[in-house]
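> Sequence plus the predicted model coming up.
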Amino acid sequence: MIEPFPGAARLSRRNFLTLAGLGVAATAAACSRGGGAAAVSTPVGPDSAAVRAAEQVRRANIGTGNTVRASLQARPTRIDLGGVQVDTWAYGDRIPGREIRLRRGDLLRAELSNDLPAESTIHWHGLALRNDMDGVPGLTQSAIAPHSPFTYEFLAPDAGTHWLHPHVGMQFDRGLYAPVIVEDPAEGADYDLEAVLVLDDWLDGVAGGSPDQQLDALRRGGMPMSGMGHGGMSGMGMGAPVDPGNPLGADTGDVQYPYYLINGTLGADPFTVRARPGQRVRLRIINAGADTAFRLAVGGHQLTVTHSDGYPVQPVTGSSLLIGMGERFDAIVTLGDGVFPLVASAEGKQGQGFAVIRTGAGGRLDPGVRPAELDAPPITGLVLRAREDVRLDRRAPDRVHELMLGMDMSGYRWTINGAAYGEHTPLEISQGQRVRLRFVNQTMMFHPMHLHGHTFQVVDGQGAGPRKDTTLVLPNQSVEVDLDADNPGQWLVHCHNLYHGEAGMMTTLSYTE
C-alpha cells in the first residue's frame with residue numbers, strides 16, 4: 001500500500017493522529033476566506049474513544065457472546081495449481097486460505113503470524129468492523145513486521161459472503177486471500193447445500209514473474225493504450241450508453257494473466273461440487289482477482305441472484321453473472337442430473353476459470369468448454385434492487401462528496417479528484433450524517449470502487465438500489481451511493497483493481513470532530 005506520508009507504517013497511532021490533525025488544520029487554513037481563522041477539524045483516530053464506543057454498542061446490540069478463533073500463517077510456499085507448480089505467498093500453504101466461518105454477532109479473534117520477508121496486514125473485506133482492525137498500514141494500524149504476530153479481534157456485525165486479504169503493496173495478487181462467511185441464523189430455508197467459489201487471476205511465480213514486477217513494468221511503460229486508451233480518448237461523452245454485449249467497455253484490464261483459478265486450481269484438476277439432482281445449491285462467489293472481472297455461468301442452468309456483497313436483493317434470474325474485483329454475489333441454482341461445467345470467463349480477456357458440478361453419471365468435461373449461457377447479457381450489481389427490509393430510510397444527504405476518477409497520461413498514475421494517494425485531501429464527514437458519494441469515471445476503463453468499514457446503497461432514484469461495499473463504475477459513467485456515517489474512524493475508498501489502487505486511485509473518508 002502506498003503510504004499517506006513517508007514512514008507512516010512505522011509511526012505510532014499517537015504520532016499519526018498528530019500529523020493527520022496538522023494536515024487537516026493546514027488545509028482548513030489554506031481554504032479560509034479573507035485571511036480569517038478557519039474552523040479546525042480533528043480526525044477521529046482509529047483507536048479513539050469514539051471507535052471503542054461504537055464497538056461497545058455493537059456488542060451490546062447484536063453480540064451473541066460467542067467467540068470464534070482463527071489462526072493464519074502467512075509465509076512463502078510452493079503451491080500446486082493443478083499441474084502447475086508456483087512459488088508464492090499464502091496462508092497455511094493453501095490457496096485460498098482456510099475458510100473462516102462464524103455467525104452474525106460473533107466475536108472473531110484471529111491471530112496472524114507474519115512469516116513473510118515483508119510487512120503485512122489483514123483487511124476484512126466487506127465487514128463493517130472497528131477502525132483499528134481494518135488492516136490499512138499508516139491509516140488504521142502499523143504494518144506487522146516480518147516474523148511477528150498480531151491478533152485481530154472484533155465483532156462481526158453483518159451476515160454475508162466476505163473475504164480477507166492484505167492491504168500492503170501487491171500482496172493479494174499472490175495467494176494471500178481467504179473467504180470469510182458470516183452466517184445469518186434466519187437463512188437457509190431456500191437451499192440445500194452451499195459451495196464457496198473464490199475466483200482469481202494468476203501470474204505469481206510463473207516464468208519467474210511477480211505482481212511487483214508487473215506493476216514496475218506498467219510504470220516504466222506508461223499508460224496502456226488498448227481500447228483507444230483511457231480518459232476520453234474515444235470521444236465518448238459522459239453518460240454514453242453501455243453496450244449490453246460488452247458492458248465493461250472495450251478496455252477491461254491492464255494485465256494479461258496466464259491462468260485463471262477457481263478455488264486455487266486450474267481446469268486440469270477442477271474443483272468439484274458434488275450434489276444430488278434437484279438439490280438447490282447456494283453459490284457464494286468471491287472475485288479475488290486483481291485486474292480481472294469474471295462472467296460466471298453454469299452450463300444448462302439458470303442462476304438466481306439473492307445477495308450482493310452480503311446483503312439480500314430482490315431475486316433476479318439469468319443465464320450469467322458479471323462480477324467485478326472485490327464484489328461478492330450469492331446465487332441459487334436448482335441442479336439437474338449429470339455433470340455440468342461451472343465457468344468463470346475472464347471478461348474481455350483470453351482464458352477462464354473452470355470447475356465442475358456433478359450430480360450423476362458422466363465423463364470428464366473439457367476445461368475449455370464455453371457454456372452457451374455465457375453469451376447472454378449478464379446480470380450486474382448495478383441492476384439489482386435491495387430487499388425492502390435492508391433498504392436505507394429515505395432521506396436527503398447531509399453531505400455530498402464527488403470523486404472524479406481519472407488518470408495521468410504522462411505515466412501509469414491513477415487519481416481521485418486529480419490527486420494520487422498520499423497527495424489527496426481527505427473527504428470529511430461527521431458521525432450521524434447521511435453521506436452521498438458520487439463516483440464520476442472520466443476514464444475509458446471500469447473501476448470497482450470499494451469503501452472500507454461501511455455498506456452503502458446505490459442511488460437509483462427510488463431508494464431501492466442494492467446495498468453494497470463495492471460497485472462498478474463504468475467508463476464515462478457516474479454512480480451515486482448513500483451511506484450512514486455510523487462507524488467512526490479513518491476509512492479507505494479505492495479502486496479494487498489492485499494495479500490502479502497501488503498507482504494512486506485511493507483516498508480516505510475521514511470522520512472529524
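Great, that's in hand.

> which SS state does residue 53 fall under?
Three-state call for residue 53 (DSSP: H, G, I helix; E, B strand; the rest coil): helix.

> Could you measure from it over to residue 60?
10 Å (C-beta to C-beta, to the nearest Å). Using the backbone N, CA and C atoms, a C-beta is placed for each residue, glycine as well.

> so what's the residue nearest to residue 500 when sequence neighbours are not counted up against?
Leaving aside its sequence neighbours, residue 500 sits nearest to residue 414 (C-beta to C-beta, 6 or more residues apart in numbering; 4.5 Å). Residue 414 makes contact with 405, 406, 407, 408, 420, 495, 500, 501, 503, 504, 505, according to C-beta atoms under 8 Å, 6 or more residues apart in numbering.

> Identify the residues contacting stretch 501-508?
1-2, 4, 139, 169-170, 215, 218-219, 403, 405, 412-417, 419-422, 424-427, 447, 490-495, 497.

> and that stretch, what's its mean pLDDT?
On average, the pLDDT along stretch 501-508 is 98.

> Distance from that stretch to the middle of the chain?
14 Å (C-alpha atoms, centre = their mean, to the nearest Å).

> my read: residue 295 touches residue 347, true?
Yes: contact criterion C-beta atoms under 8 Å: residue 295 and residue 347 qualify, at 5.2 Å.

> Okay, the most centrally placed residue in the chain and residue 206: tell me how far apart.
Nearest residue to the geometric centre of the chain (C-alpha atoms, centre = their mean): residue 326, 2.6 Å. Distance, residue 326 to residue 206, by C-beta to C-beta: 23 Å.

> returning to that earlier point: now the residue nearest to residue 500: how far from residue 447?
8 Å.

> Residues that sit against both of the two, list them.
Contacts common to residue 414 and residue 447, judged by C-beta under 8 Å, 6+ apart, are 405, 495, 500, 505.

> Switch these over to CSV; also include distance to residue 104 and secondary structure.
Shown next, in CSV, are the shared contacts of residue 414 and residue 447 (distance: C-beta to C-beta, whole Å; DSSP: H, G, I helix; E, B strand; the rest coil):
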residue, distance to residue 104, secondary structure
405, 33, strand
495, 29, strand
500, 32, helix
505, 32, coil
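
> Most neighbours among those, which one is it?
residue 495 (28 neighbours; other C-beta atoms under 10 Å).

> Let me know whether that residue touches residue 447 as I believe.
Yes: contact between residue 495 and residue 447 holds when scored by C-beta under 8 Å: they sit 4.5 Å apart.

> Quickly list what's touching both of those two.
405, 505.

> before we move on, the earlier item: who is the residue nearest to residue 500 paired with across the strands?
residue 407 (DSSP bridges).

> Please report how far it lies from residue 162.
The value you get for residue 414 to residue 162, if C-beta to C-beta is used, is 25 Å.

> just residue 502 next, same as before
22 Å.

> of these two, who's got more company?
residue 502 (25 against 22).

> more neighbours, residue 53 and residue 60?
Taking other C-beta under 10 Å, residue 53 and residue 60 do not tie; residue 53 has more neighbours (11 against 8).

> Packing partners of the host helix or strand of residue 403?
Residue 403 is part of strand 399-408 when elements are defined by DSSP states H and E. Contacts defined by 3 or more C-beta pairs under 8 Å, 6 or more residues apart in numbering; DSSP states H and E place strand 399-408 against strand 413-416, strand 427-429, strand 434-441, strand 447-451.

> and residue 193, what is it in contact with?
Residues in contact with residue 193 (C-beta under 8 Å, 6+ apart) are 275, 279, 280, 281, 282.

> ok now do the last one, which residues does it touch?
Put plainly, it is residue 282. 191, 193, 194, 195, 306, 330, 331, 332.

> Mind pulling up the pLDDT for it?
For residue 282, pLDDT reads 98.

> What backbone torsions are found at it?
phi -90, psi 110 (degrees, to the nearest 10).

> Skip the chain neighbours and tell me the closest residue to it.
residue 191 (4.1 Å).

> How many neighbouring residues does the one you found have?
18.
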